[in-house]
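Student: got a predicted structure here, sequence first:
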Amino acid sequence: MTRKISKVARQYVADKKIVLWGLFFEKLLRNLEACVVVTDDRGKIIFTNKKFSDFFNYTEDDVRNTDWIDTVIPEPKQKAVDKVFTKIRQKRLLARFDAPVMTASGINRFLCWTCIPVKEKDDIFYMFIGLEPKDHTRYDVRTYVVGTADKVRTYKKIVDLLFNASMVSEPDTAVHAARVMLFAVMLAKRLKLSKARIEKLKSAALLHDLGKLLVDEKILYKKGRLSEKEFDQIRMHPSWGSNAVRFVYFLQDIIPIMICHHENYDGSGYPKGIKGNAIPLEARILSIADVFEALTADRPYRKGFSPEEAIKIMTMEKGIKFDPKLVDIFFHMIKGGRILKEYF
């Protein structure tokens, strides 16, 4: 693979041999439109992203292996923030807290932090995502564990941040994911899935090709036929994407959808080779939406097929790649004109 990761992430990966985590650093967190700090269990900084550097006027080399509280929290508030961090480490729960911060230039600002404990094998990390609040007048350190109601808002915010970061890294893949999400949700609503299941499907659809960020660009954008070795790497993207998402523990319920979106109804798909109703319903929906969008979108090597042509092509895979009942319902929706009017 030809992907390059930053010196800080590369050194950490060399030390810990956590390749996927290192690549996740570079391809997603680096482009997140929020200040990101990742620390080890002692609070020592192992990664910061571009937004952090711009906001605080520090480079990664400036802050690597420093205590994150000493680095960004003004001295009068360091004890209060240290108490917050101690609670987070003790309970290892998703938590949010507000805190004043100080840039390298000595300018006081304020960030609302979301802290996500991350477990990889025997190692514990803490991913802090900082956003400026609309109200810039608060300077008290406040903390709370994210409750059920706020967890939904936090969940959506993190998914949006990850998707927007993928848009920067691979815009074509992200545009594809956004359209797939729309088609998948339309089918899910026709099937009268619950609101909660539809929200999970939305998130899975937006992030379903996250693993392609780790595929060699020469393979991802190759115009000719892929060799078997090259296709083996493509086949890894559902697993790679799922492995990236599992670091964010409250996104783990979308993993079965993401990892199964290339499973075929007859069992000939990948990566597990499962078939029929053993494939999660949401993954069967996502598979239909994924292929329909891919067929109807323009590609560097061909112009997109018309919806009618896509139906003919997909009909040949009915009962093979696609759940026959679901794909019939989807075709009926297309022929009914709703999708044609809204998206073509």
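Tutor: Perfect, thanks for sending it. Quick caveat: nothing in here was measured; it's all calculated off a predicted structure.
Student: how does this protein divide into domains?
Tutor: The record's domain parsing of the chain by automatic domain parsing lists 7-146, 151-343.
Student: is A244 in a helix, a strand, or coil?
Tutor: helix (DSSP: H, G, I helix; E, B strand; the rest coil).
Student: now name the helix or strand holding I46.
Tutor: strand 45-48 (DSSP states H and E).
Student: from the rest of the structure, what touches the following helix or strand past that strand?
Tutor: Per DSSP H and E, the first helix or strand lying C-terminal to strand 45-48 is helix 50-56. Contacts with helix 50-56, where a contact means C-beta atoms under 8 Å, 6 or more residues apart in numbering, come from 30-37, 58-60, 72, 101, 103-104, 109, 130. Any C-beta I mention is one placed from the backbone N, CA and C, and that applies to glycine too.
Student: now do stretch 227-241
Tutor: Residues outside stretch 227-241 that contact it (C-beta under 8 Å, 6+ apart) are 1, 20, 207-212, 214-216, 219-220, 222, 226, 258-262, 270-271.
Student: so where do the helices sit in the stretch 101-250 of the chain?
Tutor: Listed in chain order, the helices of the stretch 101-250 of the chain (DSSP state H, counting those that start in this stretch) span 148-169, 171-190, 195-207, 217-220, 228-235, 237-245.
Student: which of those sits closest to T66?
Tutor: Of all those, helix 148-169 sits nearest to T66, with 24.6 Å by C-beta to C-beta.
Student: and that closest one, average pLDDT?
Tutor: Mean pLDDT, helix 148-169: 65.
Student: and stretch 78-95, by the same measure?
Tutor: For stretch 78-95, the mean per-residue pLDDT is 86.
Student: and the contacts of helix 50-56, which of them are in helices?
Tutor: Judged by DSSP state H, helices contain the following of the contacts of helix 50-56: 60, 72.
Student: ok, of the contacts of helix 50-56, which come out buried?
Tutor: Among these, the ones that count as buried by 16 or more other C-beta atoms under 10 Å are 30-32, 34-37, 58, 60, 72, 101, 109, 130.
Student: neighbours around the residue lying closest to A104 once chain neighbours are set aside, how many?
Tutor: Distance criterion C-beta to C-beta, 6 or more residues apart in numbering; nearest residue to A104, sequence neighbours excluded, is N57 at 4.1 Å. The local packing of N57 (other C-beta atoms under 10 Å) involves 13 other residues.
Student: do the same with N277
Tutor: N277 has 10 neighbouring residues, counting by other C-beta under 10 Å.
Student: tell me how far it lies from L210.
Tutor: Counting by C-beta to C-beta, to the nearest Å, the gap from N277 to L210 is 26 Å.
Student: in this structure the residue nearest to A104 contacts T103, no?
Tutor: Yes - if you go by C-beta atoms under 8 Å, N57 and T103 touch, sitting 5.3 Å apart.
Student: closest to D122 out of the helices of the stretch 101-250 of the chain?
Tutor: That would be helix 237-245 among the helices of the stretch 101-250 of the chain, by C-beta to C-beta, at 16.7 Å.
Student: alpha carbons of that closest one, as CSV, please.
Tutor: Extracted C-alpha coordinates of helix 237-245, given in CSV (Å, rounded to 0.1, in the frame of the first residue of the first chain):
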residue,chain,number,x,y,z
HIS,A,237,-12.5,-2.5,2.5
PRO,A,238,-15.7,-3.6,4.4
SER,A,239,-13.4,-5.1,7.1
TRP,A,240,-11.1,-2.1,7.2
GLY,A,241,-14.0,0.3,7.4
SER,A,242,-15.6,-1.7,10.2
ASN,A,243,-12.3,-1.9,12.1
ALA,A,244,-12.0,1.9,11.9
VAL,A,245,-15.5,2.4,13.2
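Student: that helix vs helix 195-207, what angle?
Tutor: Following axes from the mean of the first three to the mean of the last three C-alpha atoms, to 10 degrees, one obtains 110 degrees for the angle between helix 237-245 and helix 195-207.
Student: which elements pack onto the helix or strand just after helix 237-245?
Tutor: Reading on from helix 237-245 to the C-terminus, the next helix or strand found by DSSP H and E is helix 255-259. If you count contacts as 3 or more C-beta pairs under 8 Å, 6 or more residues apart in numbering; DSSP states H and E, helix 255-259 packs onto helix 195-207, helix 237-245, helix 281-296.
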